[in-house]
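> Task: produce atomic coordinates for the following.
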Amino acid sequence: MKQVSLTIPEIGLIAGTRAAGAAGLALLLSDRMNPDQRRAVGWTLLAVGVITTVPLVAQLLGKLQSDKSPDEK
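Take a look at the predicted model:
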């Protein structure tokens, strides 16, 4: 198994993006609010969660590549 060291702020950012995406998805699937408001907020939170995940994944993959020793492929 591969291991990568993450700092506390990085873990917080990852958790925050997951929470925003999950909250957006939950709003899209629920029927507690006005449908127009619910859709607007839900799609916005889901988009923020997905869009902010991309740079975090790129950073994580960069760490995986930099942690490899030269003899590993």
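> Which secondary structure elements does the helix-or-strand element of the chain with minimal mean pLDDT sit against?
With mean pLDDT, DSSP states H and E as the measure, the helix or strand of the chain carrying the lowest mean pLDDT is helix 35-67 (a mean of 85). Using 3 or more CB pairs under 8 Å, 6 or more residues apart in numbering; DSSP states H and E, the elements in contact with helix 35-67 are helix 8-29. (Each C-beta comes from the backbone N, C-alpha and C, glycine too.)
> Name the residues that touch the helix it packs on?
Identification of contacts with helix 8-29 by CB atoms under 8 Å, 6 or more residues apart in numbering yields 6, 33, 38-39, 41-50, 52-53, 56, 59.
> what is the orientation angle of it with helix 35-67?
Counting by axes from the mean of the first three to the mean of the last three CA atoms, to 10 degrees, helix 8-29 lies at 150 degrees to helix 35-67.
> follow-up on the earlier one: filter the contacts of helix 8-29 to the buried ones?
38, 41-42, 45-46, 48-49, 52-53 (16 or more other CB atoms under 10 Å).
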